[in-house]
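S.K.: Here is my input, please return the structure:
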Amino acid sequence: MAQPPILSLENIALQQGGKWLFGGAPGGDAETLDLHVGARDRLALIGRNGAGKTTLFRLITDRIEADRGARKVKPGIRIVLLEQEPDLTGHPTLMDWALTGEHPPAHHEIEAIAGQLGIDMTTPVEGASGGEKRRAAIARALAQEPDLLLMDEPTNHLDLAAIDWLESWLDRYKGAFLVISHDRTFLKRLTRATLWLDRGTMRRKEVGFGGYEAWEEQVYAEEARAAEKLDAKLKIEAHWLERGVTARRKRNQGRLEKLWQMRAQRAAMISGGGTAKLKLATEEDFKSKSVIVAENISKSYDGRAIIKPFNLRIQRGDRIGIVGSNGAGKTTLLKMLTGELAPDSGTVDISNKLTGVMIDQQRKLLSADKTVREVLAEGGDWIDVQGHRKHVQAHLKDFLFDPGIVDTKVGILSGGERSRLLLAREFAKASNLLVLDEPTNDLDLETLDLLQEVIADYEGTVLIVSHDRDFLDRTVTVTLGLDGTGKVDVVAGGYEDWEKKRRAPVEKRERSESAEKHTTLPPIAPKSTKLSYKDQRDYELLPARIEQLEGAIAKGEQILSDPDLYTSDPQRFATISKGLENARAEKDAAEERWLELAEAVEA
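M.R.: From the prediction side, this is the model:
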């Protein structure tokens, strides 16, 4: 590191609940923890729930002391923590709370940031929503002008506009930050290095979160090979089987392929106005698979159009994502589609065969005094999972729990673990409609992967309200995008597909204005909707090219599955890995290009 660090933790060991979270007994084999933060570091802190991420933040801010080791801070450095769940009790308004703290900010500085975030700081604490509290916490933290900003799940409860604003602020920020987040898009856009807390060990790699998954898989593969050489297979295999890294990634690749196919089918059924077009099936077949049919539905409050008239036909097996800023009407639309709220105009027909399960973001369904066994199996040893009998400990393992926690009180679990327990209970229920309201809050990245798997394998219909852009891109087949004017865009695909549709008119207008500014030629006549020769060739040839790439990818993956290749021929391993990366990127681009052309043909 060219410049000395602004903060260092050296040889840290910490015991919690009778166990060593970091380090171990003096003279033992367990590694102590070291951390060095530079003045301009942008660090992602990754680790499972319970790995010690939040505890590490408390060590950095000197809120707790380590059992051994040293904490060193450069003189004059201001460290500010943006907590996941700050305690606002005892303060009448959000502003009263924001003016407190180790480095109390000025009133006008808080107001300036709050205005950009769209939060009224005179709001009483008692009646403030989760989103309002989160905005107030951000305003309070940023107004303190930190040199090192620690952020614990900063995008929780934020809408898309607030997330965009925070990303822009951090992009301009001159100090260092360390962030815990489940929001992959946020992490990929902002981080330049990754800290990985895993089984009491801190690893660091000078790559942003975009390179984390490949690094993680490489580390586990190396550990597995080392364990074989040292004849310590039992311990590492237990972890390997629990993680199932390679197997899970391959399954996820298959699920993403299936998701692409489902989106292509839905794209052929959706016209620009959001009505159904029957390209791949007869009208009778299409209608027979419909479970929710909304025709010309709308909703207004106090003369303001929340939902303008639109049509939607949801089929059995659809995964519908609902996105938009707070107040845009997401919850209103969700309630109309599920029959909880009647529209002002139009009709919503819901199949009488639908049996729904609602997983709410508030996590109010769990009692802290109950044990995990009582929550899942009413105190017994067996649980019905989608109509099949299963031992409660086996079901816990499916949701990444240690089966030994079966008699642990819910109140002892972390927020993320409680969220995962709720998912384990609700997904066990027999249902064919799943409604998820901000399901990703408080989940770690591994649990998010698990949730994506469960949703992909779910045989019913799924409605998801979420601000997690990456989660939607990996999960949904159709996105309902609300821009705040009452208009509902119906787009085949995820969040990024909706963003492309929103950007298209702006980019078209900018190109038009640029052309007018730089030419004196007469206006060009509108292009024919007929494909150009090149477009037509791409439309015809790309499916075969995609098939070739899929074959090449499968062949490369088969070669890399050899556990001895990395050790015996690291150069070949690197060459094939790079080729795989290029082939996957080309295939993704080819699929996207073909879908665009297919939409043009459809139009």
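S.K.: Now do the domain split for this protein, please.
M.R.: As recorded under automatic domain parsing, the domains making up the chain are 7-227, 265-504, 526-602.
S.K.: Please identify which of these is closest to L256.
M.R.: domain 265-504 (7.0 Å; C-beta to C-beta). Every residue, glycine included, has its C-beta placed from N, CA and C.
S.K.: gap between that closest one and the chain center?
M.R.: 14 Å (C-alpha atoms, centre = their mean, to the nearest Å).
S.K.: re the thing from before, could you dump the domains of the chain into TSV and include mean pLDDT?
M.R.: What follows is these, written out as TSV (pLDDT from 0 to 100):
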stretch	mean pLDDT
domain 7-227	90
domain 265-504	84
domain 526-602	76
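S.K.: Out of the ones you listed, the one nearest E257 is which?
M.R.: Short answer: domain 526-602, nearest of the domains of the chain by C-beta to C-beta, at 8.2 Å.
S.K.: I'd like the domains of the chain as CSV, with mean neighbour count appended.
M.R.: Below are these laid out as CSV (neighbours: other C-beta atoms under 10 Å):
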stretch, mean neighbour count
domain 7-227, 18
domain 265-504, 18
domain 526-602, 14
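S.K.: Select, out of these, the one closest to G254.
M.R.: Once those are compared by C-beta to C-beta, domain 265-504 is nearest, at 9.1 Å.
S.K.: can you redo the domains of the chain as a markdown table with distance to E257?
M.R.: What follows is those, written out as a markdown table (distance: least, C-beta to C-beta, whole Å):
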| stretch | distance to E257 |
| --- | --- |
| domain 7-227 | 18 |
| domain 265-504 | 11 |
| domain 526-602 | 8 |
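S.K.: so which of those domains comes closest to R255?
M.R.: Nearest to R255, of these and by C-beta to C-beta, is domain 265-504 at 4.2 Å.
S.K.: Quick check: end-to-end length of the closest one?
M.R.: 22 Å (C-alpha to C-alpha, to the nearest Å).
S.K.: which residues does L149 contact?
M.R.: 80, 82, 141-142, 173, 175-178 (C-beta atoms under 8 Å, 6 or more residues apart in numbering).
S.K.: Secondary structure element holding it?
M.R.: Here L149, judged by DSSP states H and E, is contained in strand 148-152.
S.K.: Export that strand to PDB, keeping only CA atoms.
M.R.: In PDB, the C-alpha atoms belonging to strand 148-152 read as follows (Å, rounded to 0.1, in the frame of the first residue of the first chain):
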ATOM      1  CA  LEU A 148     -14.200   6.300   6.600                       C
ATOM      2  CA  LEU A 149     -17.800   5.400   6.100                       C
ATOM      3  CA  LEU A 150     -19.100   2.000   7.300                       C
ATOM      4  CA  MET A 151     -22.400   0.900   5.700                       C
ATOM      5  CA  ASP A 152     -24.500  -2.000   7.000                       C
END
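S.K.: and it, how far from the chain's centre?
M.R.: For strand 148-152 - counting by C-alpha atoms, centre = their mean - the centre lies 19 Å from the chain centre.
S.K.: strand partners of that strand, parallel vs antiparallel please.
M.R.: Using DSSP bridges, the strands paired with strand 148-152 are strand 79-82 (parallel), strand 176-180 (parallel).
S.K.: For those strands, give me TSV that also has distance to I119.
M.R.: Formatted as TSV, the strands paired with strand 148-152 follow (distance: least, C-beta to C-beta, whole Å):
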stretch	distance to I119
strand 79-82	14
strand 176-180	21
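S.K.: Out of those, the one nearest I307 is which?
M.R.: Here strand 79-82 is closest among these (C-beta to C-beta), at 34.0 Å.
S.K.: Can you give the contact residues for the helix or strand following that closest one?
M.R.: Later in the chain than strand 79-82, the nearest helix or strand by DSSP H and E is helix 94-98. Helix 94-98 has contacts (C-beta under 8 Å, 6+ apart) with 86, 88, 91, 105, 107, 110, 119-123, 125, 128, 132-133, 136, 139-140, 143.
S.K.: and if you look at stretch 531-538?
M.R.: Taking C-beta under 8 Å, 6+ apart as the rule, stretch 531-538 contacts 539, 593-594, 597, 600-601.
S.K.: Can you give me the end-to-end span of stretch 471-482?
M.R.: Per C-alpha to C-alpha, the first residue of stretch 471-482 is 18 Å away from its last.
S.K.: Most widely separated two among the contacts of L149?
M.R.: L142 and L178 (15.1 Å).
S.K.: Could you pull up the contacting residues of R266?
M.R.: 318, 477-478, 492.
S.K.: who touches whichever strand or helix holds D473?
M.R.: Using DSSP H and E, the element containing D473 is helix 469-475. For helix 469-475, contacts defined as C-beta under 8 Å, 6+ apart pick out 160, 183-185, 188, 256, 259, 319, 321, 323, 440, 448, 451-452, 455-456, 462, 464, 466, 479, 494-496.
S.K.: Which helix or which strand is home to K587?
M.R.: Counting by DSSP H and E, K587 is part of helix 570-602.
S.K.: Show me what that helix is packed against.
M.R.: helix 245-267, helix 533-560, helix 565-568 (3 or more C-beta pairs under 8 Å, 6 or more residues apart in numbering; DSSP states H and E).
S.K.: how about 6 Å then?
M.R.: helix 533-560 (3 or more C-beta pairs under 6 Å, 6 or more residues apart in numbering; DSSP states H and E).
S.K.: got the angle for the helix it packs on vs helix 570-602?
M.R.: 150 degrees (axes from the mean of the first three to the mean of the last three C-alpha atoms, to 10 degrees).
S.K.: for the stretch 201-350 of the chain, what spans make up the helices?
M.R.: In the stretch 201-350 of the chain, the helices defined using DSSP state H, counting those that start in this stretch lie at 212-229, 233-243, 245-267, 283-288, 330-337.
S.K.: Could you list the residues in contact with the last one?
M.R.: Yep, that's helix 330-337 we're talking about. 292, 297, 299, 306-307, 322, 324, 341, 343, 348, 465 (C-beta atoms under 6 Å, 6 or more residues apart in numbering).
S.K.: Dump it to PDB, restricted to CA.
M.R.: Only the C-alpha atoms of helix 330-337 are listed here, as PDB (Å, rounded to 0.1, in the frame of the first residue of the first chain):
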ATOM      1  CA  LYS A 330     -46.500  -1.100  -6.200                       C
ATOM      2  CA  THR A 331     -48.500  -2.200  -3.200                       C
ATOM      3  CA  THR A 332     -51.700  -0.900  -4.600                       C
ATOM      4  CA  LEU A 333     -51.100  -2.900  -7.800                       C
ATOM      5  CA  LEU A 334     -50.200  -6.000  -5.900                       C
ATOM      6  CA  LYS A 335     -53.400  -5.800  -3.800                       C
ATOM      7  CA  MET A 336     -55.500  -5.400  -6.900                       C
ATOM      8  CA  LEU A 337     -53.900  -8.400  -8.600                       C
END
